[in-house]
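Asks: One predicted model, sequence on top.
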2 protein chains.
Amino acid sequence: MSNPYIRIAIDCMGGDVGLAVTIPAAAQFAQQHEDVLCLLVGDKEAVASHLQRHRGPDRAWYEIIHASEVVTMDDSVEVALRRKKDSSMRVAAQLVKDQLADACVSAGNTGAWMAISRYVLKTLDGISRPAIATSIPNQKGGATTMLDLGANVDCSAQHLLQFAIMGTALASIVDKQQSPSVGLLNIGEEVIKGNEVVRQAAELLRHSGLNFYGNVEGDDICKGTVDVVVCDGFVGNVVLKSLEGLAKMVASMLREEFTRNSLSMAAGLVAKPVLSRLGHRVDNRRYNGAALLGLRGIVIKSHGSADAYAYGYALQRARDAVNNGLLTGTTEAIDRLRHQLETQNGKELPLDTQSEPAL
Amino acid sequence: MSNPYIRIAIDCMGGDVGLAVTIPAAAQFAQQHEDVLCLLVGDKEAVASHLQRHRGPDRAWYEIIHASEVVTMDDSVEVALRRKKDSSMRVAAQLVKDQLADACVSAGNTGAWMAISRYVLKTLDGISRPAIATSIPNQKGGATTMLDLGANVDCSAQHLLQFAIMGTALASIVDKQQSPSVGLLNIGEEVIKGNEVVRQAAELLRHSGLNFYGNVEGDDICKGTVDVVVCDGFVGNVVLKSLEGLAKMVASMLREEFTRNSLSMAAGLVAKPVLSRLGHRVDNRRYNGAALLGLRGIVIKSHGSADAYAYGYALQRARDAVNNGLLTGTTEAIDRLRHQLETQNGKELPLDTQSEPAL
């Protein structure tokens, strides 16, 4: 019998702030969604104490799952994985593994969260490396799904193909995009074109049966030229952070200019509703919640510095993924592609069949 | 006897628009700077015809240098280099080579401009690969020098060190920054740290005698954490274009929000002076003009889509580089570093002593 609730395991201790963000966010989220059960993982007394301040809805909306250790932002992957076997991260991932939770969420140390969830849950058949994917608002009013954002620094063409498959699954299943188009991030045609790996990946993608658009450039991310942008984790991470940096600079310049003198401040008052609307549109808190794709379970990473409002979006992302069947969808997409390629040209799908060992 | 003028060779045919941008920009620039002589390279009749509409100052401010061919935006490097030996690009670079010009500027095809200027001018001793550098406005009110932006896709640690030396020379000589700090673009500490090349480059930089800050992340570009950000050309190109894309999206959203209805439009009118000031601060036309560093001559690349206003900044960049002695400054910086490293640890400077063959 399937559980009537969507059970989300929350690493309550993770993130720059921890409990003071995760508990109010969970309470608020449970208030908004009657079908959610929060599995609050962390030090049981500390969790209980925060729950007194943030009561949530009048129903049994949570369970506390005790974990005696915490992975800090500075812990190495080694320490997180081998020395803290009862960390709130590890326990949250294990709940998914044991089918006691449908998804897990953490705002903690990305490297550790990736390593732990991969170690506990393992990768899907055909996927050798998980990838981190997120949505970036674009000029068309929608969002561009981008991956990998830092899980994999050195990637082969096969890895990029796998990212494309997983990104397509995420965009079509969670964001309900019909046959999402996929672009391969490359540099301008005018400059010497791309590197060898990107060229090979384009070749694989052309024969993949995915809706491959071709190469895209950096500015296509915000233009919304394609639904899914694929790149290696080094490039993806640098681009994402560069965009965050520019967004912050523009926001700070807006503040500066509208408070420069009393005339500017008056103009700012008049323009406030317009600026608020703009602020809402580019508020990156609404895009919080990256998916760790390619694992045998739904794993979401919240920004470490997320506030309760932003953390709510990460929880939303987890709920949507469960509701829309991301896991089976991704598995099916990989199988379908494998079958298609085999019948198409008698070739094996160029996906690794063996997972690489976890870190 | 040194020439009393700063002679700038201008590829008048290059860019998305060509003459209708380059001629008015040159005329305007000569008007502003009495010490400038423009060598207008291109089809002599077409140039003369445009000059009738844009007369410039009342002095002998230009010479027309005929070139019978034009490198188009779509020409391959091969075609540009081997089949169009009398292109306006090639002639402009040759003027610098022959010491008939102090600098050259083109808004044409970047790959071709890089290949031609490298072929004609050759690289400096100790530099195996030229790099493209530009300035990006930062939150501190200054600009961050970033390189490489697309000349080199696959880089070794030695190449990144060379970029750091050239970027330091550019920032200290042209932008007059005292002992500019250098950051190596990398991904978050929380994620698996960087790739092997970046790690090796950090090691070289630590012993280089440059003002090496350490690793920086994407958001440090706009924060202005360091004066010079070094990365390979693939990453640099993608980041630069991503930032352009976001800037355009924000500008278009601002327009949209301030014209949504009559109330918004009224607010826009009131806020106009503030928005104009902001617009001026983030106007990327003011940052037009990338330097092709590491060549035996001053070579500037304007954005292909630059208008006359933006093109003027590229000309300004050329004039500043000549005025401040960028070429001798860069050469001296490389020699100094070489000497320092030799006396420091008896080691050879890990710079390639032989130039790689031009394309």
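Replies: Everything's here; your move.
Asks: Hmm, A:L292 is touching A:A151, no?
Replies: Yes. Using Cβ atoms under 8 Å, A:L292 makes contact with A:A151 at a distance of 7.4 Å. C-beta: built from backbone N, CA, C; applies to glycine.
Asks: between these two, who's got more neighbours?
Replies: A:A151 (29 against 23; other Cβ atoms under 10 Å in any protein chain shown).
Asks: Regarding the nearest residue to A:R59 once chain neighbours are set aside, what is its secondary structure?
Replies: With sequence-adjacent residues excluded and distances taken as Cβ to Cβ, 6 or more residues apart in numbering or on different chains, A:R59 is closest to A:E34, at 7.5 Å. Following DSSP: H, G, I helix; E, B strand; the rest coil, the label given to A:E34 is coil.
Asks: Ok, A:E78 next?
Replies: helix.
Asks: go on, A:G214?
Replies: Reduced to three states by three-state DSSP, A:G214 is strand.
Asks: any idea of the pLDDT on A:K347?
Replies: Looking at A:K347, its pLDDT stands at 53.
Asks: tell me the contacts of A:D102?
Replies: A:N3, A:I6, A:R7, A:I8, A:V96, A:I298, A:V322 (Cβ atoms under 8 Å, 6 or more residues apart in numbering or on different chains).
Asks: Recalculate using a threshold of 7 Å.
Replies: A:I6, A:R7, A:I8, A:I298, A:V322 (Cβ atoms under 7 Å, 6 or more residues apart in numbering or on different chains).
Asks: now do A:H66
Replies: A:K44.
Asks: Which strand residues bridge it?
Replies: A:G42 (DSSP bridges).
Asks: circling back to that earlier point, overlap in contacts of A:L292 and A:A151?
Replies: Contacts common to A:L292 and A:A151, judged by Cβ under 7 Å, 6+ apart, are A:M114, A:P130, A:I132.
Asks: Give the bridge partners for the last one, please.
Replies: Applying DSSP bridges to A:I132 gives these bridge partners: A:L292.
Asks: How many neighbouring residues does it have?
Replies: 27.
Asks: Nearest residue to the middle of chain A?
Replies: Centroid-nearest residue in chain A, with Cα atoms, centre = their mean: A:A290, separated by 1.2 Å.
Asks: separation between A:V216 and A:V230?
Replies: Separation of A:V216 from A:V230 (Cβ to Cβ, to the nearest Å): 9 Å.
Asks: what residues are shared contacts of the two?
Replies: With Cβ under 7 Å, 6+ apart, A:V216 and A:V230 have common neighbours A:L184, A:L185.
Asks: returning to what we had before: so the residue nearest to the centre of chain A is in contact with A:D148, correct?
Replies: No. Counting by Cβ atoms under 7 Å, A:A290 stays clear of A:D148, with 10.1 Å between them.
Asks: Show me what A:Y62 is bridged to.
Replies: Under the criterion used (DSSP bridges), A:Y62 bridges to A:C38.
Asks: Could you do A:R7 as well?
Replies: Bridge pairing for A:R7 - DSSP bridges - gives A:L37.
Asks: Please identify every residue contacting each of A:A290 and A:D148.
Replies: Joint contacts of A:A290 and A:D148 (Cβ under 7 Å, 6+ apart) are A:I132.
Asks: the strands in the stretch 151-300 of chain A, which residues?
Replies: A:181-185, A:211-216, A:228-230, A:290-293, A:298-301 (DSSP state E, counting those that start in this stretch).
Asks: quick one, which of these is packed in tightest?
Replies: strand A:228-230 (a mean of 31; mean count of other Cβ atoms under 10 Å in any protein chain shown).
Asks: Check the offset of stretch A:47-57 from the chain's centre.
Replies: Taking Cα atoms, centre = their mean, to the nearest Å, one finds stretch A:47-57 lying 27 Å from the centre of the chain it belongs to.
Asks: ok, now stretch A:300-316?
Replies: Worked out by Cα atoms, centre = their mean, stretch A:300-316 lies 10 Å from the chain centre.
Asks: hmm, back to that, please tell me how far the residue nearest to the centre of chain A sits from A:A133.
Replies: On the measure of Cβ to Cβ, A:A290 and A:A133 end up 6 Å apart.
Asks: what do these two both touch?
Replies: A:L149.
Asks: In the stretch 1-150 of chain A, which residue sits closest to chain B?
Replies: Per Cβ to the nearest Cβ, the residue of the stretch 1-150 of chain A with the smallest distance to chain B is A:G150, at 4.0 Å.
Asks: On the three-state scheme, that residue is what?
Replies: coil.
Asks: Just give me the neighbour total for it.
Replies: A:G150, neighbours per other Cβ under 10 Å, totals 27.
Asks: Next: A:D154.
Replies: 13.
Asks: cool, A:Q52 as well?
Replies: A:Q52: 8 neighbours (other Cβ under 10 Å).
Asks: Can you give me the buried ones in the helix or strand hosting it?
Replies: Taking DSSP states H and E as the definition, A:Q52 sits inside helix A:44-53. For helix A:44-53, the neighbour count (16 or more other Cβ atoms under 10 Å in any protein chain shown) marks A:A46, A:V47, A:H50, A:L51 as buried.
Asks: Which pLDDT value belongs to the residue lying closest to the last one once chain neighbours are set aside?
Replies: It stands for A:L51. Leaving aside its sequence neighbours, A:L51 sits nearest to A:I23 (Cβ to Cβ, 6+ apart; 6.2 Å). With respect to pLDDT, A:I23 scores 97.
Asks: Check A:G142 too.
Replies: 88.
Asks: do A:V197 as well
Replies: 89.
Asks: now it: how far from B:V153?
Replies: For A:V197 relative to B:V153 (Cβ to Cβ), the value is 10 Å.
Asks: who's more crowded, these two?
Replies: Shown here are A:V197 and B:V153; by other Cβ under 10 Å, B:V153 has more neighbours (20 against 17).
Asks: Please report phi then psi for A:P137.
Replies: phi -60, psi 140 (degrees, to the nearest 10).
Asks: what number of residues lie near it?
Replies: Neighbours around A:P137, by other Cβ under 10 Å: 23.
Asks: I'd say it and A:H280 touch.
Replies: No. The pair A:P137 / A:H280 is not scored as a contact, 10.7 Å apart, by Cβ under 7 Å.
Asks: hey, C-alpha coordinates of the helix holding A:Q52 in PDB?
Replies: C-alpha atoms of helix A:44-53 as PDB (Å, rounded to 0.1, in the frame of the first residue of the first chain):
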ATOM      1  CA  LYS A  44      16.300  15.500  18.600                       C
ATOM      2  CA  GLU A  45      16.400  18.000  21.400                       C
ATOM      3  CA  ALA A  46      17.500  20.900  19.300                       C
ATOM      4  CA  VAL A  47      14.800  20.100  16.700                       C
ATOM      5  CA  ALA A  48      12.100  19.800  19.400                       C
ATOM      6  CA  SER A  49      13.100  23.100  20.900                       C
ATOM      7  CA  HIS A  50      12.800  24.900  17.500                       C
ATOM      8  CA  LEU A  51       9.500  23.200  16.900                       C
ATOM      9  CA  GLN A  52       8.100  25.000  19.900                       C
ATOM     10  CA  ARG A  53       8.500  28.300  18.100                       C
END
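Asks: How about residues contacting that helix?
Replies: A:C12, A:L19, A:I23, A:L40, A:I64, A:H66.
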